[in-house]
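# Output the structure for:
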Amino acid sequence: MTHRLHVWIAGRVQGVGFRYATVREATARGLTGWVQNLDDGRVEAVFEGERVLLEDMADWCRGGPGFARVTDVEVQWESGEPRYDRFGIRGW
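Numbering: from 1, shown residues only. Prediction:
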């Protein structure tokens, strides 16, 4: 059983390198999954890995990279079979 963290991040999170920084941070933690921009201006991401590393990633999402201004993070915990073998930007 794999732990999975699904997040939606609001604020100034597009056009500030949020997706690229998320790839760097998730990869450094050994997490798998994806990140994408949403049409409503939010960023959505799914992370899989060890619970403690997912909690650390959720904390990072609450601040994001330097130019981001996060105003809200919605978090949904899930579990199940692993779905991903790496972390990347969805749709690329």
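
# contacts, neighbours, all on C-alpha from now
OK.

# quick one, what contacts Val78?
I think there's a mix-up here, since residue 78 is Glu and not Val. His3, Arg4, Leu5, His6 (Cα atoms under 8 Å, 6 or more residues apart in numbering).

# Look up which residues are beta-bridged to it.
Arg4 (DSSP bridges).

# what's the spacing between it and Thr22?
In this view, Glu78 and Thr22 are 19 Å apart by Cα to Cα, to the nearest Å.

# returning to that earlier point: quick check: of the contacts of Glu78, which has the highest neighbour count?
Arg4 (24 neighbours; other Cα atoms under 10 Å).

# now the helices: where do they sit in the chain?
All helices of the chain, identified by DSSP state H, fall at 18-28, 51-61.

# buried set for the last one?
Taking 16 or more other Cα atoms under 10 Å as the basis for neighbour counts, the residues of helix 51-61 that come out buried are Leu53, Leu54, Met57, Ala58, Cys61.

# Out of those residues, which comes closest to Val13?
Cys61 (10.1 Å; Cα to Cα).

# That closest one against Glu74, yeah?
No - Cys61 lies out of contact with Glu74 (Cα atoms under 8 Å); the separation is 10.1 Å.

# which neighbours do the two share?
Ile9.

# tell me the contacts of Asp72?
Ile9, Ala10, Gly11, Arg62.

# Okay then, goodbye and thanks.
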